[in-house]
Structures are given as C-alpha cells and as structure tokens.
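Student: Sequence and predicted structure, then a few things I'm wondering about:
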Amino acid sequence: MNVKELIKNKGIGYWICAGAGVLALVMAIVVLATYSTALPNQQSGVAVGVMLIVGFVLQVALTFLPLRFGAIIPLIVYTIAFGMVLNLIAPAIADQVNNVHYQGGSFGTCIFYAVATLVIAVSTVVACFFAQTKDGKTLI
C-alpha cells in the first residue's frame with residue numbers, strides 16, 4: 001500500500017488525532033521556548049515539552065500502524081503532560097487566588113499551558129469514538 005492510499009483510507013478519528021498531534025508539537029515548542037519565564041519558582045517545563053513531542057511521535061507512528069484504539073496510546077502521554085502542567089502551575093494559581101505574587105511566573109501563560117494541553121487530551125478522547133480507517137481494517 002502506498003502513502004497516497006494510506007492517507008486516503010484514514011477515518012475522521014485519525015484526522016482528529018493528527019490535529020491534536022500537530023497542536024501538541026506546536027505546544028511543545030511554545031512550552032520549551034517560554035517555560036523559564038512562565039513557570040513559578042524557576043521550575044522546568046522540559047518534561048512537559050518532551051511528553052508532548054513523544055505524543056506527536058507516537059501519532060506519526062500510528063499513521064503507519066493503524067490500530068483500532070490507537071488513539072489511546074498518545075492519549076496516555078497527553079494526559080501525563082496535562083498532569084505535569086497542573087503540578088507545575090499550582091503555585092501560580094495559589095498566588096493568583098491569594099493575591100500574593102512572590103513566586104514569579106506568568107499566571108496567564110500557565111493557564112494557557114493547562115488549557116492547551118487539556119484541549120489536546122480531550123480531542124484525543126473524542127477521536128477514540130470515531131473510526132481510524134475508512135475501510136475498518138486495522139492491525140488489532
């Protein structure tokens with residue numbers, strides 16, 4: 001099967017996952033470029049960026065290995081990335097709630113990280129309910 005037929009056979013679930021994968025790659029670049037000023041207490045966002053890139057790479061692999069519930073694999077990685085973001089931004093949220101800004105960071109950027117990673121994870125969950133291929137043929 002050539003690449004043209006492979007792409008032509010992809011279902012809506014695959015395209016939702018592919019969009020989430022591209023968004024994850026863009027978000028990884030944003031996180032890696034801005035975490036030093038955005039996160040409180042000079043925390044490192046490298047792990048979040050790496051997890052988002054891993055999810056993107058897994059999605060690329062699933063392009064060539066169609067699995068019935070393949071979206072679950074990058075979903076696990078994106079959910080871990082979302083949990084990491086929540087863990088990293090907790091001090092910024094506490095600062096905002098208490099109106100005491102001594103830990104540094106940017107509350108708005110932290111919330112952007114959380115919302116973007118949540119959108120990536122939720123869209124991958126939605127993709128699990130759609131077919132990954134048009135003809136229904138998968139490896140597993």
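Tutor: Looks like it came in fine.
Student: can you tell me which residues contact the closest residue to Y35 other than its chain neighbours?
Tutor: With CB to CB, 6 or more residues apart in numbering as the criterion, Y35 has its nearest non-adjacent residue at 2.9 Å, and that residue is G45. From N, CA and C alone the C-beta is placed, and that goes for glycine too. Contacts of G45 were listed using CB atoms under 8 Å, 6 or more residues apart in numbering, and they are 31-32, 34-35, 38-39, 88, 113.
Student: Check the gap between G45 and A92 for me.
Tutor: 12 Å (CB to CB, to the nearest Å).
Student: Between the two, which contacts overlap?
Tutor: Residues touching both G45 and A92 by CB under 8 Å, 6+ apart: L39.
Student: Taking the contacts of G45, tell me the two that lie furthest apart.
Tutor: Checked with CB to CB, the contacts of G45 reach their widest spread between L32 and L88, with 13.4 Å between them.
Student: So which of those two has more stuff around it?
Tutor: Neighbours per residue, other CB atoms under 10 Å: of L32 and L88, the larger number sits with L88, 24 against 16.
Student: Look up which helix or strand that one falls in, please.
Tutor: helix 72-98 (DSSP states H and E).
Student: Tell me which residues of the helix or strand following that helix come out buried.
Tutor: For helix 72-98, the succeeding helix or strand toward the C-terminus, using DSSP H and E, is helix 107-127. The neighbour-count check on helix 107-127 (16 or more other CB atoms under 10 Å) flags 107, 109-110, 112-114, 116-121, 123-124, 127 as buried.
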